[in-house]
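Asker: Give me a 3D structure for the following:
(one chain, ligands or ions: 1)
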Amino acid sequence: ASPCDRPVPPTAGLSHDKWEIDPAELHLLEELGSGQFGVVRRGKWRGSIDVAVKMMKEGTMSEDDFIEEAKVMTKLQHQNLVQLYGVCSKDRPIYIVTEYMRHGSLLNYLRRHETTLGVNVGLLLDMCIQVCKGMAYLERHNYIHRDLAARNCLVGSENVVKVADFGLARYVLDDQYTSSGGTKFPIKWAPPEVLNYTRFSSKSDVWAYGVLMWEVFTCGKMPYGRLKNTEVVERVQRGLILERPKACFKEVYEVMRKCWAHCPEVRPSFRVLKEQLINVSQGLL
Ligand SMILES: CN1CCN(C(=O)c2ccc(Nc3nc(-c4cccc(NC(=O)c5ccc(C(C)(C)C)cc5)c4)cn4ccnc34)cc2)CC1
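Answerer: So this is what the prediction gives:
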């Protein structure tokens, strides 16, 4: 095909090293919030492209390792992954520049729209399928997320849902977050093999995906309510699982339950999950 037929990758022309962005071409706008690493702001790249810019607070992540990995991450491109455009790594703090998602995190979106979403099972299921498609793409590329949850997915126009921050957890320096005994470790999204041996895999992402489905069908409730992390660990190891949300059809809950099989090998892959959820959605609607 002639060059003008090929779709131009979103990172095209960002700079000589595709993944390096010239900060002079970024115009920072309002703050979107702050997370594990520091402040996140909306921005414009070359005056026209909407971007989100994570400004990495010093000492929060192993920066050189991340910058190396960014080269790989910019190559992961899918309509249900928040696209990493590149990094500004020549100065400190480093900036992580991604596509902008105007409605913020899926968790806040679910909580904000509970009244309208709570009765729209078709839309809730569609959101789960979109996340599943993004995760099936990562699985195909042997890429593990390590912190899949509704808080780490983002919502754009027309109820588009995308998976964000895939793989970023590996570069967090705060061991309250990285060690399974730490206060910030996402215990409620972790399967037994991660709780006991921090053995991450695409099948541990599948367990977290089951919890994300529960978050979606409860419109953003906290899994296991106010149970303390130690109580959740004890229950999960005893094989107790989250109960079926009211808004959730039995067929959908059956899929969720498969994600929480004790042994990772028994859990379905994202590829299989995607087929099952699409069948359920065609059956329901
Ligand atoms: C009408 N509503 C008004 C309020 N509202 C907003 O203010 C709002 C609008 C858009 C937003 N968009 C984005 N917000 C963010 C954002 C904002 C604050 C914090 C964060 N997250 C982080 O900083 C963060 C996430 C995960 C992690 C680990 C490594 C632990 C997995 C570390 C750090 C992201 C990133 N984005 C990437 C693309 N688009 C966005 C965020 C918020 C939503 C719309």
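
Asker: which intervals of the stretch 151-285 of the chain have sub-threshold pLDDT?
Answerer: 285 (pLDDT under 70).

Asker: Please name the residues that touch Lys258.
Answerer: Contacts for Lys258 (C-beta atoms under 8 Å, 6 or more residues apart in numbering) come out as 210, 267-268, 273. The way it works is simple: take the backbone N, C-alpha and C, and place the C-beta from them, glycine included.

Asker: how does it look with 6 Å?
Answerer: Pro268 (C-beta atoms under 6 Å, 6 or more residues apart in numbering).

Asker: and it, which of the three is it?
Answerer: Under the three-state scheme (DSSP: H, G, I helix; E, B strand; the rest coil), Lys258 adopts helix.

Asker: State the distance from it to Asp205.
Answerer: 14 Å (C-beta to C-beta, to the nearest Å).

Asker: do Ala169 as well
Answerer: Counting by C-beta to C-beta, the separation of Ala169 from Asp205 is 11 Å.

Asker: Kindly report the same for Gly283.
Answerer: 26 Å.

Asker: Which one's more surrounded, the two?
Answerer: Neighbours were tallied for Gly283 and for Asp205 using other C-beta atoms under 10 Å; the higher tally belongs to Asp205 (26 against 9).

Asker: Only the buried residues of the host helix or strand of that one, if you could.
Answerer: Here Asp205, judged by DSSP states H and E, is contained in helix 202-217. Residues 202-217 are the ones in helix 202-217 that count as buried (16 or more other C-beta atoms under 10 Å).

Asker: And for stretch 46-64?
Answerer: Of the residues in stretch 46-64, those buried (16+ other C-beta under 10 Å) are 49, 51-56, 60-61, 63.

Asker: same thing with stretch 97-112?
Answerer: So stretch 97-112, judged by 16+ other C-beta under 10 Å, has buried residues 97-101, 103, 105-110.
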